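Asker: Provided below for reference: sequence and predicted model.
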Amino acid sequence: MGSTLLIGSCEPFSGKSALVLGLARHLLSSGQRVRFGKPLATSFDWLPEQGVLPDPLIDDDVRFVGETLGLDDQELIPSLHLLSPSSAESRLAGGLLSAGDGLDHLRKHLLKFDGGVTLLEAAGNLHEGLLYGLSLVQLANDLDAPVVLVHLWQDSCSVDALLAAKAQLGERLRGVVLNAVTPDDVELLEREVVPALQRLGLTVFGVMPRSPLLRSVTVGELVRRLDARVICCPEKLDLLVETLSIGAMNVNSAMEFFRRRRNMAVVTGADRTDIQLAALEASTQCLILTGAGEPLPQLINRADELEVPLLKVDHDTLATVEVIEQAFGHVRLHEAVKATYAFRLVEEHCRLNELIQAVGLA
């Protein structure tokens with residue numbers, strides 16, 4: 001029988017896939033066989049009118065990790081259920097609370113995986129998936145598997161969620177990785193907070209700094225969320241946006257402000273041609289125009305020359321900004337450049353050999 005590790009979190013978008021990528025590559029480089037799956041699919045575009053779900057059901061995150069690491073199809077573990085409003089409605093109506101025969105099938109599958117390591121990513125938090133019998137706590141108990149949590153750290157109040165997780169998972173919680181820490185605070189946490197958590201029975205395997213790149217969002221994702229009209233450069237929608245700027249000041253102040261930012265999405269009124277042209281000369285990944293009116297031809301030509309996508313939205317500036325801010329840090333790790341950075345981040349800031357030993361993967 002191979003070894004199994006559950007990777008979970010106390011809230012969604014905490015960095016689980018980044019840890020999976022870094023840990024899996026480390027295991028593969030040491031000669032281990034690795035399989036990966038998400039028992040409950042949470043990243044899969046499907047609508048009820050499309051009919052029956054595909055079989056096997058491979059979560060988009062799982063497929064991306066497999067492609068990035070070069071895993072074979074048989075090393076990608078199909079999901080047992082899809083988390084969606086329609087599937088939840090069906091289960092609720094039927095009074096279904098268990099994972100069904102699929103969990104037995106998964107358990108037998110794991111038993112047959114001889115001499116390798118299976119990494120399973122749980123849903124967004126401790127309780128998500130209860131309706132499917134596939135919450136993190138249920139999986140840990142049913143599969144008798146150790147758990148490592150990836151946890152977003154803001155300040156010492158963040159420990160409450162970890163203590164709650166420890167109370168529910170008990171000895172199966174082998175440790176945590178703290179993520180999205182303010183870079184200037186990493187050393188302080190390693191020196192003072194990590195030993196304090198250890199005294200509370202929480203082993204810390206790593207402290208990873210917050211990364212604007214991993215929190216970034218593609219221009220294409222902003223187009224989708226804003227239902228924006230792409231005026232030019234539709235071939236550049238894979239550009240990554242790391243910061244947001246609002247062009248509502250005078251042009252001189254705007255130019256000074258833009259120079260201090262990088263990889264921006266700039267939101268400004270459609271009538272502010274001066275701000276728009278200034279933004280195009282800075283580190284701007286896309287220009288988003290709000291309000292009435294259309295951009296001037298010279299603006300479109302200049303954006304086209306500089307290969308900066310120009311977007312037009314029906315929302316006002318405030319609503320547009322809210323949508324964009326919500327997108328940062330709440331998108332999937334589905335870009336190759338993010339995966340490359342995740343490898344380095346995990347390798348530099350996580351004690352992977354200590355983690356592997358603690359969870360019995362060695």
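Answerer: Nice, thanks for sending it over. Numbers count the residues shown, from 1 in each chain.

Asker: now for I300, how many residues are close by?
Answerer: I300 is flanked by 15 other residues according to other CB atoms under 10 Å. The way it works is simple: take the backbone N, C-alpha and C, and place the C-beta from them, glycine included.

Asker: contacts only, for it.
Answerer: 231-232, 310 (CB atoms under 8 Å, 6 or more residues apart in numbering).

Asker: can we see that at 10 Å?
Answerer: Residues in contact with I300 (CB atoms under 10 Å, 6 or more residues apart in numbering) are 231-233, 294, 310.

Asker: what subset of those is buried?
Answerer: 231-233, 310 (16 or more other CB atoms under 10 Å).

Asker: of all these, which two lie farthest apart?
Answerer: I231 and C233 (8.4 Å; CB to CB).

Asker: common neighbours of these two, please.
Answerer: Joint contacts of I231 and C233 (CB under 10 Å, 6+ apart) are 287, 300, 303-304, 309-311.

Asker: show me how to select, in ChimeraX, the buried members of those.
Answerer: Selecting the buried subset of the shared contacts of I231 and C233 in ChimeraX, with 16+ other CB under 10 Å as the burial test, is done by:
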select :287,303,309,310,311
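
Asker: which strand runs longest in this protein?
Answerer: What stands out as the longest strand in the chain, according to DSSP state E, is strand 173-181.

Asker: what's the average pLDDT for that strand?
Answerer: When pLDDT is averaged over strand 173-181, the result is 97.

Asker: do stretch 338-352 as well
Answerer: 96.

Asker: just stretch 129-140 next, same as before
Answerer: Stretch 129-140 comes out at a mean pLDDT of 94.

Asker: then stretch 78-85?
Answerer: 91.

Asker: show the end-to-end separation of it, please.
Answerer: Its first and final residues considered, stretch 78-85 spans 20 Å by CA to CA, to the nearest Å.

Asker: which parts of that stretch are buried?
Answerer: By neighbour count on 16+ other CB under 10 Å, the buried set for stretch 78-85 is 78-84.

Asker: and for stretch 10-21?
Answerer: Of the residues in stretch 10-21, those buried (16+ other CB under 10 Å) are 10, 13-21.

Asker: please flag which of those sit within helices.
Answerer: Applying DSSP state H to the buried residues of stretch 10-21, the entries found in helices are 16-21.

Asker: hang on, the earlier thing: farthest-separated two in the shared contacts of I231 and C233?
Answerer: Among the shared contacts of I231 and C233, D304 and L311 lie farthest apart (CB to CB), at 13.5 Å.

Asker: tell me the domain ranges of the chain?
Answerer: Annotated domains of the chain cover 3-211+333-359, 217-327 [automatic domain parsing].

Asker: pull the distance from the longest one to the chain's centre.
Answerer: Pointing back at domain 3-211+333-359 there. With CA atoms, centre = their mean, to the nearest Å as the basis, domain 3-211+333-359 stands 11 Å off its chain's centre.

Asker: roughly how far does the residue lying closest to S79 once chain neighbours are set aside sit from V137?
Answerer: Once flanking residues are discounted, S79 sits nearest to A41: 3.6 Å by CB to CB, 6 or more residues apart in numbering. As judged by CB to CB, to the nearest Å, A41 and V137 stand 19 Å apart.

Asker: the two: which is more packed in?
Answerer: Ranked by neighbour count (other CB under 10 Å), A41 and V137 place A41 first, with 26 against 21.

Asker: so who does the more buried one touch?
Answerer: When contacts are counted by CB under 10 Å, 6+ apart, A41 touches 53, 57-62, 78-84, 87, 123, 132, 134.

Asker: just checking, which of the shared contacts of I231 and C233 belong to helices?
Answerer: Going by DSSP H, the helices hold 300, 303-304 from the shared contacts of I231 and C233.

Asker: let's have the residues you listed in a markdown table, adding pLDDT and distance to L69.
Answerer: Listed next are these as a markdown table, based on pLDDT from 0 to 100; distance: CB to CB, whole Å:
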| residue | pLDDT | distance to L69 |
| --- | --- | --- |
| I300 | 95 | 42 |
| A303 | 96 | 37 |
| D304 | 96 | 38 |
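
Asker: show me where the stretch 251-362 of the chain has its strands.
Answerer: Using DSSP state E, counting those that start in this stretch, the strands of the stretch 251-362 of the chain run over 264-269, 284-290, 310-312.

Asker: now tabulate the shared contacts of I231 and C233 in CSV and tack on distance to V207.
Answerer: Output for those, formatted as CSV (distance: CB to CB, whole Å):
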residue, distance to V207
L287, 37
I300, 46
A303, 41
D304, 44
P309, 36
L310, 40
L311, 37
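
Asker: out of the shared contacts of I231 and C233, the closest to A339 would be?
Answerer: Nearest to A339 among the shared contacts of I231 and C233: P309, at 23.1 Å, using CB to CB.
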